[in-house]
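# Build me a model:
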Amino acid sequence: MLRTLLALLLLAITSYARAQRVLVTTYGARPDSHKDATAAVRRALNALADGAALVFPKGRYDFWPDSASKRNWYISNTSSAEECPSKIKTIGILLENKQRVTIDGNGSTFIFHGKMTPWALEQCAHVHLRHFTVDFERPTMSEMRFLAVTPDSIVARIHPDSKYRIGGGRLEWIGEGWKPKQFFAILVDPAAGRYTYSSWDPFIHATARQIAPQTVVFRGNFKNQEYRPGTVLTVRDPIRDQVGALIDRSADVTLTGIHMQYMHGLGIVAQTSENLTYDSVYVEPGNDGRVIASFADAMHFSGCKGQITITHCRFRGMHDDPVNVHGTHLRVTRVDGDKLTVRFMHPQTYGFQQYHPGDSVAFVHATSLQLFGYARVRSARLISPTDIEVVLDRAAAAPAATLLKPGDVLENLTWTPSLTVTDCRFEGTNTRGLLVTTRRPVRIEHNVFYRTGMEAILIADDASSWYESGEVTDVLIRDNRFEECGYNGGRSAIAIRPEDHEPAPGYTVHRNVRIEDNTFSVVAYPVISARSTAALVIRDNLIRPSSAAQPFALDNCPDARVEGNH
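Numbers count the residues shown, from 1 in each chain. This is a model prediction of the structure:
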């Protein structure tokens, strides 16, 4: 009897465990078939109950836009209404309103076609994505390596993934259902690991002739360019009409063992989400000879809260910043007692809910970035894609009426995250490595920043350009290695540079930044530059080679402690 009960119990446990695993192959997906798996994966997702795992048996899965999910999403830092009037996103793997689920790729490769957002989470919680690679059949980045260069001719080998045709003596890039209309170019020196701004303009009027498979000779005017044999010209249309992935209004999301070999658009974007862990996420090309993995940023966090942890990640081959963490300043356009109207000011950021009942907000003077008051939100609603009506608690009505005025900006203090970045490698970008503006604790430790074109770490805050908020109050940058960063324009390896264009007397924007026990191999001085920062500590860092130039440039940094540096 006991043996029978145990057998029945084991059978029940086994059946329950199997019920928690949804195989995409059960719903028609066929690995390594090169057939469209999009509809089959969507059917599997529809069958995925809370608490279950969607499992891909290892293989290649292809996703086409024709049968993909479509959603109208406004996403931070992407595109203006003029650049891209449609906000429709085409999503290969979409999770909506899911709880406690896992997407397990088992080492599979997901190949996307056309212009797509590979995966997205919308209003999900406790989600784990793991062990898969994302790539595109025809990346929206075109790449060609120079074999020979003269002032009036270039021989280039075009990467096999960069489809093209030659007609009427001109080269034209072609994609899967798309064709570039504008051109933005970065020149990559793979041997040196350097990325610099370049131009496609000389090739627009150059004649082209194919002389061997994937090999083209161009004839034109190349006199004033920095093209050299061995360098790779990488070209894209700059419009960010999709993103590399999206985490929107979600919580407790973990990414593990994910390799993004190419992303079209801004990168992995998280907005209005909380508690995000990215462990062993690699944004870098595969082994097929391409040099670019991301059309723009690698990871972008806008208006998030809770804890963001980025650990054991690698970044190489981006057309913009590997990591950017920020909030958004909205400009006050109207004050009516406890009711405000505020506006998104940067044309590429608008249309999403920035405030929620119960949120704490700060009043900030735009030109000085001086914080001068606080309130709590009673209600908020979008009244247009660019404008939000915010009603404050009545207790804040009087100060709002007397202190706030049109032209000031509002910062959401509730939706500001803590950030930990450890054991990561940043390289292969012409811009910065890590941008961070958040008032909660920031820890940046045990990382390598290798030849980032601009600052390896930039702490900004502004209410006049990108409107990316806000102040930092507790930052530790410790035991990192900075190798020859800032070669594009002689930038500092670390810069604290708030855009307080009209500083308030006696006021500093940032405070309590500690830069300790780091090693700098420098190409330019100053190594560290800072302004408008109180209680700054620069201690026990090693800088090489030594130079008679001043290693630190400090402006309006009261109580700064600079000691023990070698």
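
# which strand of this protein spans the most residues?
strand 99-112 (DSSP state E).

# Which elements pack onto that one?
strand 53-55, strand 60-63, strand 88-96, strand 117-122, strand 125-136 (3 or more CB pairs under 8 Å, 6 or more residues apart in numbering; DSSP states H and E). Backbone N, C-alpha and C define where each C-beta goes, glycine included.

# 7 Å instead?
strand 53-55, strand 60-63, strand 125-136 (3 or more CB pairs under 7 Å, 6 or more residues apart in numbering; DSSP states H and E).

# between these, which one is nearest to His34?
strand 60-63 (5.6 Å; CB to CB).

# got a list of contacts for the next helix or strand after the closest one?
Under the assignment DSSP states H and E, the closest C-terminal helix or strand after strand 60-63 is strand 69-72. Residues outside strand 69-72 that contact it (CB atoms under 7 Å, 6 or more residues apart in numbering) are Arg42, Lys87, Ile88, Lys89, Thr90, Ile91, Leu94.

# Next: stretch 555-565.
503, 508, 530-541, 543, 552, 554.

# are any of those buried, and which?
503, 508, 530-538, 541, 543, 552, 554 (16 or more other CB atoms under 10 Å).

# among those residues, which two are most distant?
Going by CB to CB, the pair spanning the buried ones among the contacts of stretch 555-565 furthest: Pro503 and Ile543, at 28.6 Å.

# got a markdown table for the helices and strands packed on strand 99-112, with mean neighbour count too?
As requested, those are exported to a markdown table (neighbours: other CB atoms under 10 Å):
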| stretch | mean neighbour count |
| --- | --- |
| strand 53-55 | 20 |
| strand 60-63 | 23 |
| strand 125-136 | 20 |
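
# Please list all residues in contact with Gly490.
Ala524.

# Quick check, pLDDT for it.
Gly490 carries a pLDDT value of 85.

# Which of the helices or strands spans it?
Counting by DSSP H and E, Gly490 is part of no helix or strand.

# how much space is there between it and Glu484?
Gly490 sits at a distance of 12 Å from Glu484 (criterion: CB to CB, to the nearest Å).

# before we move on, what about Thr333?
45 Å.

# Tell me which of these two has more neighbours.
The neighbour comparison of Thr333 against Glu484 (other CB atoms under 10 Å) goes to Glu484, with 19 against 14.

# For that one, list the residues it contacts.
Arg451, Ser521, Val523.

# just the buried members of those residues?
Using 16+ other CB under 10 Å, the buried ones in the contacts of Glu484 are Arg451, Ser521.

# Reformat the contacts of Glu484 into a markdown table and put distance to Phe136, secondary structure and pLDDT next to each item.
Shown next, in a markdown table, are the contacts of Glu484 (distance: CB to CB, whole Å; DSSP: H, G, I helix; E, B strand; the rest coil; pLDDT from 0 to 100):
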| residue | distance to Phe136 | secondary structure | pLDDT |
| --- | --- | --- | --- |
| Arg451 | 26 | coil | 97 |
| Ser521 | 35 | strand | 96 |
| Val523 | 34 | coil | 89 |
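
# buried ones in stretch 350-369?
For stretch 350-369, by 16+ other CB under 10 Å, it's 350-352, 354-355, 359, 361-369.

# do the same with stretch 211-230
Val216, Val217, Phe218, Gly220, Phe222, Gln225, Tyr227.

# So for these, which is the shakiest by pLDDT?
Comparing those by pLDDT, Gln225 comes last, at 90.

# Cheers, nothing more for now.
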